[in-house]
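K.L.:
Structure here, sequence nowhere to be found:
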């Protein structure tokens, strides 16, 4: 019987259940989209391009490894963990002979791959370009469409897409910037592949001897392409190769990596594209963070929506209790209604989540967060998870919100249906206080976290927990706010008086509208201001720590060693410090690092040394930030074992500890040590200290012969860093944009539901003499009050969380608050609230009050 009542109720009260349906639909859509991104990070395939015709590829291991052995209760447990390196690890050239000797190998093609940037005017969306030896053209394979293969060190072959984009043809000169000084070559041929143009890269092919010179990796190769003999299965050959390489010990490459690896099939893509591993981790992290935050926000919003829905049906439910419906029957009916709505919303949301995931994946690709050839995985698991989450969320929300009406006596139910309960239930207040305390604990924890990966999830969790506390304590907060707003709303006339009375008398209903606004403002401000908070602190440290008055910057891949040396010999220049950036691993923990020229370092650079000294800084030295020193237990004189960017292990000695880690990274090493183990050894910038009177023109004239290298002042360099800062904020906003959109929909949804169900109230006001415009003015005053309360609470949440984040990350309570952005966020929230109140209100007031009074 209760199932029949549930079906009839859903059918007859479509408007009442529409809000819950919309909330659950958005929740299911978010879960599906985030789950798809998470699954793509875990199982998405990386398609190969240049190794398309090479069934088996041998490369250096691109990971650092750690094995731990523990004993517990007489049992020995061995755990092995691996983390990817950020730069390419190379193989010893002797590995080629080992591979060639394995039975079943028909042909072996050594591969050299290095950056090679053609210095031409190409579109801004030009792809990265890499140089190779012409012998490795067979890996895709490339064949000549025009001209001939490079026969000497002065010739180059370019791929067809690059030739068309740059307007190149055979016989024309082409200047190429590789790992050293730029050099001009003659285009001897244009290559094409039967598989089409390369999607993610451009290829330049040099004579074998010139490719070895440009790669600057004597005695090493990037990878080895292996072509099996006829009838030999690639998988079987891969097994033989692994055994041979393990037995020969050829995996221990001087250039990094902990061993050789053999890839077949889909495993070839990650060998070609090193950013694949980082992209997978990033997608898993983003999908997990977005999905977790989405679920928490969804639970908060759905519970609030169902609470409002049940409150609107209090009279109906009270009547059922009065005609002998048992508490169990009411709970069952409300639960089945919720399950019906949850099932419909879950299925629709799961289907809607797939195109949303595709759009979001496309945006991540366009912004460079993930590579284009990381194929999106659209499995059924995220869809089932979305439907399950919708059903569980709907059922739990219905049980929570319908619990009290199902338990009280019939007479009490009818009495409470006539007027809102004066005080919220003590359980609600107690849970709200516990959540408030939990939010305070999270804020305290956040102020002690000093790394971004650790603090980011705690930041958003703190916002949601504090918003949940606001939701539960909302009626008390609204009543308190009503007392404060009574004065400002009083001069507004009858509309202001009625709005104040509604705030006091219908605090629970108003609280359900305040909560999503507070969550929207709190979450949006947190997302928008996290990156500026961190970026401003980093910029300040970098600005205060740079002593040089000038800097060399390049429009291309970097500043060459020749340009740096030329500027050092310029009259008036006292020091020139080349800087190259990378990431290193200490154990399995990744740290941002930079390589700097030791000579004259203290004239150009001041990281705020707090222990030790930079005097005598050299090839075997390292300076560490205070954060890294605390985490690793280091002090001046301590030895430090680390793996460089390509996995090469080194041991260095700590010479200094510095305070400006945000501006200069956690580890600082000698330039030559870092440059020998990165894909791009060119300097990102060169700090130039000069005597007074040495001007920009003199310095610019010194490097005029180096294409793309310019001279900028330290002030201009700081401005460039400031302009680049919003990019990080855009990625964060894109990552959390779905949650923010969901919250904005919840604001409109809740306010529209609240307004559309007040037909009887509006009719009574009009029958009592109130005019239509007066009722609308009352609604506007209510919306303004709700926005003011929600803004105050949301701003307070964001300020507390951002301040704690700033203390933990920068050591100072100085969150970056952008007034124009903040006003825009509040303005959007206000417009949403006013629109969601005014439009349903106008529709409701079109019904003659007499009809409403006689029909209810």
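P.N.:
Thanks, I have the structure now. Quick caveat: nothing in here was measured; it's all calculated off a predicted structure. Residues are numbered from 1 along each chain as shown.
K.L.:
Look through the protein and tell me its longest strand.
P.N.:
Taking DSSP state E as the criterion, the chain has its longest strand at strand 573-586.
K.L.:
continuing past that one, what's the next helix or strand?
P.N.:
Next helix or strand after strand 573-586 toward the C-terminus (DSSP states H and E): strand 589-596.
K.L.:
Quick one: residues contacting residue 371.
P.N.:
The contact partners of residue 371, taken as C-beta atoms under 8 Å, 6 or more residues apart in numbering, are 46, 200, 273, 275-276, 279, 365. Glycine gets a C-beta too; all of them are placed from N, C-alpha and C.
K.L.:
for those residues, which one is nearest residue 605?
P.N.:
residue 275 (29.7 Å; C-beta to C-beta).
K.L.:
which SSE is the residue nearest to the closest one when sequence neighbours are not counted in?
P.N.:
Of all residues not flanking residue 275 in the chain, residue 371 sits nearest, at 5.7 Å (C-beta to C-beta, 6 or more residues apart in numbering). Secondary structure from DSSP H and E places residue 371 outside every helix and strand.
K.L.:
for residue 210, same thing?
P.N.:
Going by DSSP H and E, residue 210 is part of helix 208-215.
K.L.:
Residue 225 too?
P.N.:
Using DSSP H and E, the element containing residue 225 is strand 223-228.
K.L.:
and whichever helix or strand comes after that strand, which residues are buried?
P.N.:
Using DSSP H and E, the helix or strand that follows strand 223-228 in sequence is helix 234-248. Residues 234, 237-238, 240-242, 244-245, 248 are the ones in helix 234-248 that count as buried (16 or more other C-beta atoms under 10 Å).
K.L.:
Just name the lowest-scoring one in these, pLDDT-wise.
P.N.:
pLDDT across the buried residues of helix 234-248 is lowest for residue 248, at 63.
K.L.:
Residues contacting stretch 559-571, please?
P.N.:
So stretch 559-571 is contacted by 177, 180-182, 552-553, 573, 575-576, 578, 597, 682-686, 688, 694, 698-699, 702-703, 705-706, 709 (C-beta under 8 Å, 6+ apart).
K.L.:
Out of those, which end up buried?
P.N.:
Here, 16+ other C-beta under 10 Å leaves 177, 182, 552-553, 573, 575-576, 578, 597, 682-686, 688, 694, 699, 702-703, 706, 709 buried among these.
K.L.:
on that earlier part again, among the buried residues of helix 234-248, which two are most distant?
P.N.:
234 and 248 (20.5 Å).
K.L.:
about what we covered before: compute the inter-axis angle for the strand holding residue 225 and helix 234-248.
P.N.:
For strand 223-228 against helix 234-248, the angle by axes from the mean of the first three to the mean of the last three C-alpha atoms, to 10 degrees is 130 degrees.
K.L.:
any chance you could map the helices in the stretch 351-500 of the chain?
P.N.:
Using DSSP state H, counting those that start in this stretch, the helices of the stretch 351-500 of the chain run over 381-401, 403-407, 410-418, 426-446, 452-489, 494-505.
K.L.:
Of the ones you listed, which shows the lowest average pLDDT?
P.N.:
It's helix 410-418: among the helices of the stretch 351-500 of the chain, that one has the lowest mean pLDDT, namely a mean of 53.
K.L.:
which stretches of the stretch 601-750 of the chain form strands?
P.N.:
609-612, 621-625, 639-643, 649-658, 667-670, 685-690, 709-713 (DSSP state E, counting those that start in this stretch).
K.L.:
Make CSV out of those strands and add distance to residue 138 and mean pLDDT.
P.N.:
Formatted as CSV, the strands of the stretch 601-750 of the chain follow (distance: least, C-beta to C-beta, whole Å; pLDDT from 0 to 100):
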stretch, distance to residue 138, mean pLDDT
strand 609-612, 53, 94
strand 621-625, 43, 95
strand 639-643, 33, 95
strand 649-658, 34, 95
strand 667-670, 38, 96
strand 685-690, 39, 92
strand 709-713, 37, 89
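K.L.:
what's the spacing between residue 787 and residue 326?
P.N.:
According to C-beta to C-beta, to the nearest Å, residue 787 and residue 326 sit 42 Å apart.
K.L.:
For the spatially closest residue to residue 51 that is not a sequence neighbour, the count of nearby residues, please.
P.N.:
Of all residues not flanking residue 51 in the chain, residue 268 sits nearest, at 4.8 Å (C-beta to C-beta, 6+ apart). Using other C-beta atoms under 10 Å, residue 268 has 24 other residues around it.
K.L.:
And residue 268, what's its pLDDT?
P.N.:
Looking at residue 268, its pLDDT reads 90.
K.L.:
Quick check: which element contains the nearest residue to residue 24 once chain neighbours are set aside?
P.N.:
By the measure of C-beta to C-beta, 6+ apart, the closest residue to residue 24 outside its immediate chain neighbours is residue 345, 3.5 Å from it. Using DSSP H and E, residue 345 sits in helix 327-366.
K.L.:
List the buried residues for that helix?
P.N.:
Applying 16+ other C-beta under 10 Å to helix 327-366 flags 329-342, 344-350, 352-354, 356-357, 360-361, 363-365 as buried.
K.L.:
Put together TSV for the contacts of residue 371, with pLDDT and secondary structure on each row.
P.N.:
Listed next are the contacts of residue 371 as TSV, based on pLDDT from 0 to 100; DSSP: H, G, I helix; E, B strand; the rest coil:
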residue	pLDDT	secondary structure
46	85	strand
200	84	coil
273	87	coil
275	79	helix
276	76	helix
279	78	helix
365	80	helix
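K.L.:
CSV please, covering these and showing distance to residue 667.
P.N.:
Shown next, in CSV, are the contacts of residue 371 (distance: C-beta to C-beta, whole Å):
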residue, distance to residue 667
46, 30
200, 31
273, 26
275, 22
276, 25
279, 24
365, 31
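K.L.:
PyMOL command for the buried members of those residues?
P.N.:
The PyMOL command for the buried members of the contacts of residue 371 (criterion: 16+ other C-beta under 10 Å) is given here:
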select buried, resi 46+273+275+276+279+365
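K.L.:
hang on, residue 849 packs against residue 761?
P.N.:
No: under the criterion of C-beta atoms under 8 Å, residue 849 is not in contact with residue 761, lying 10.5 Å apart.
K.L.:
Looking at these two, which one has more neighbours?
P.N.:
Applying other C-beta under 10 Å to residue 849 and residue 761 shows that residue 849 carries more neighbours, namely 19 against 14.
K.L.:
helices or strands up against the helix or strand that contains residue 145?
P.N.:
Secondary structure from DSSP H and E places residue 145 in strand 142-147. Judged by 3 or more C-beta pairs under 8 Å, 6 or more residues apart in numbering; DSSP states H and E, the packing partners of strand 142-147 are strand 155-159, strand 183-193.
K.L.:
one more time with 6 Å, if that's ok
P.N.:
Packing partners of strand 142-147 (3 or more C-beta pairs under 6 Å, 6 or more residues apart in numbering; DSSP states H and E): strand 183-193.
K.L.:
Assumed residue 110 was part of a strand.
P.N.:
Yes: looking at residue 110 with DSSP: H, G, I helix; E, B strand; the rest coil, it is inside a strand.
K.L.:
Nearest spatial neighbour of it, chain-adjacent residues omitted?
P.N.:
Residue 110's closest residue in space is residue 221 (C-beta to C-beta, 6+ apart), at 4.6 Å.
K.L.:
Tell me what that neighbour is bridged to.
P.N.:
Beta-bridge pairing of residue 221 under DSSP bridges involves residue 91.
K.L.:
List the contacts of it.
P.N.:
Residues counted as contacts of residue 221 (C-beta atoms under 6 Å, 6 or more residues apart in numbering) are 91, 93, 110.
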